[in-house]
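Participant: turn this into a model:
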Amino acid sequence: MKRIVIGILPQDKLRQRVIAIARGQYRPKPGEPKIWFPSMKSVAETLSDKNLQLIRVIAEHNPGSIAELSRRTGRAPGNLSRTLHRLARYGFIVLERRPGNILKPIARAIEYDIRAMAA
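Facilitator: Numbers count the residues shown, from 1 in each chain. You can find the predicted model right below:
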């Protein structure tokens, strides 16, 4: 499992960066963050201790469904589902669709490099 690089950049600077990339004025270098947050607070909310533990459980136990993960962690399925969708939206996990409308959570990484960019 590889390490995910996370960048922190104010929203206006992030918007400028995305526009420059779209216009071909800037090309991201290898090793630059692929996941971006507008503040350290938003990183802390997403990668809380509870969510980091959840990602570790996913990586170590490879649950076959959200229901199985719910039983293993003791978290309510609805709450767990919202958390997993948020983690998937940022790219920390993948929710793989299985037959029978089952979502299997898969951890992409359990180690992270956080880089705060100067505003």
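Participant: going forward, measure contacts between C-alpha atoms and count neighbours the same way
Facilitator: Fine.
Participant: name the residue most distant from the centre of this structure?
Facilitator: Gln25 (27.3 Å; CA atoms, centre = their mean).
Participant: distance of that residue from Lys34?
Facilitator: For Gln25, the distance to Lys34 (CA to CA, to the nearest Å) stands at 18 Å.
Participant: what does Thr46 give?
Facilitator: The gap separating Thr46 from Lys34 is 16 Å, by CA to CA.
Participant: between these two, who's got more neighbours?
Facilitator: Taking neighbours as other CA atoms under 10 Å, Thr46 and Lys34 compare with Thr46 leading, 18 against 13.
Participant: show me what contacts the residue sitting nearest the centre point of the chain?
Facilitator: Nearest residue to the geometric centre of the chain (CA atoms, centre = their mean): Phe92, 2.7 Å. Neighbouring residues of Phe92 by CA atoms under 8 Å, 6 or more residues apart in numbering: 4, 107-109.
Participant: and the residue nearest to Pro77 when sequence neighbours are not counted, how many neighbours does it have?
Facilitator: Among residues not flanking Pro77 along the chain, Ser70 sits closest, at 5.6 Å (CA to CA, 6 or more residues apart in numbering). Counted with other CA under 10 Å, residues neighbouring Ser70 total 17.
Participant: on that earlier part again, from the contacts of Phe92, which two are the most distant?
Facilitator: Ile4 and Ala107 (11.1 Å; CA to CA).
Participant: so, low pLDDT: which residues of the protein?
Facilitator: Across the chain, residues meeting the criterion (pLDDT under 70) sit at 118-119.
Participant: just the helices in the protein please.
Facilitator: With DSSP state H as the criterion, the chain has helices at 11-23, 40-46, 49-61, 66-73, 77-90.
Participant: the longest one: which residues count as buried?
Facilitator: Of the residues in helix 77-90, those buried by neighbour count under the rule 16 or more other CA atoms under 10 Å are 80-81, 84-85, 87-88.
Participant: kindly report the same for stretch 48-68.
Facilitator: Neighbour-count burial for stretch 48-68 flags 51, 54-59, 63-67 (criterion: 16+ other CA under 10 Å).
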